[in-house]
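Novice: Can you look at this prediction? I've put the sequence above it.
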Amino acid sequence: MKIHISDVPNPDPIAPPGLGELAGELLGWLKWGVIVSGVLGIFICALMLIIGRRNRSATAYEGLVGSAWVIGGLALASVAALLVGAFQI
């Protein structure tokens, strides 16, 4: 007896009773936290660039490198659902 991939059931994900709303609320809080942290991080990096303009090149460099990390983190957060969806079973 051969079993084909098309014979295996593939149900849609279903949230356990009572947890769907809680999960949505937690994800909303996390999303809000990422947005606030991203804006704050960009502001801090911009301030470091401004302060490090004259005779403090290390501060300006850290601000520039930090802004790349902040933008990278925001990019990863913005595609989080897409990445998880790409690897679901």
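Specialist: Yep, that arrived. Numbering: from 1, shown residues only.
Novice: Residue for residue, what is the longest helix this protein has?
Specialist: helix 20-51 (DSSP state H).
Novice: now the next helix or strand after that one and helix 20-51, what's the angle there?
Specialist: Helices and strands here follow DSSP states H and E; after helix 20-51, the next one along the chain is helix 57-78. For helix 57-78 against helix 20-51, the angle between stretch directions is 160 degrees (axes from the mean of the first three to the mean of the last three CA atoms, to 10 degrees).
Novice: what's next to helix 57-78, contact-wise?
Specialist: The set of residues that contact helix 57-78 without belonging to it, under CB atoms under 8 Å, 6 or more residues apart in numbering, is 31, 34, 38, 41-42, 44-49, 51-53. Backbone N, C-alpha and C define where each C-beta goes, glycine included.
Novice: show me what contacts Ile35?
Specialist: Neighbours of Ile35 in contact, by CB under 8 Å, 6+ apart: none.
Novice: Quick check: the gap between it and Ile51.
Specialist: As defined by CB to CB, to the nearest Å, Ile35 lies at a distance of 25 Å from Ile51.
Novice: For stretch 39-55, report the contacting residues that lie outside it.
Specialist: Counting by CB under 8 Å, 6+ apart, stretch 39-55 makes contact with 58-64, 66-67, 70-71, 73, all of which sit outside it.
Novice: quick one: which of those is nearest to Pro9?
Specialist: For Pro9, the closest of the contacts of stretch 39-55 turns out to be Gly73, at 37.8 Å, with distances computed as CB to CB.
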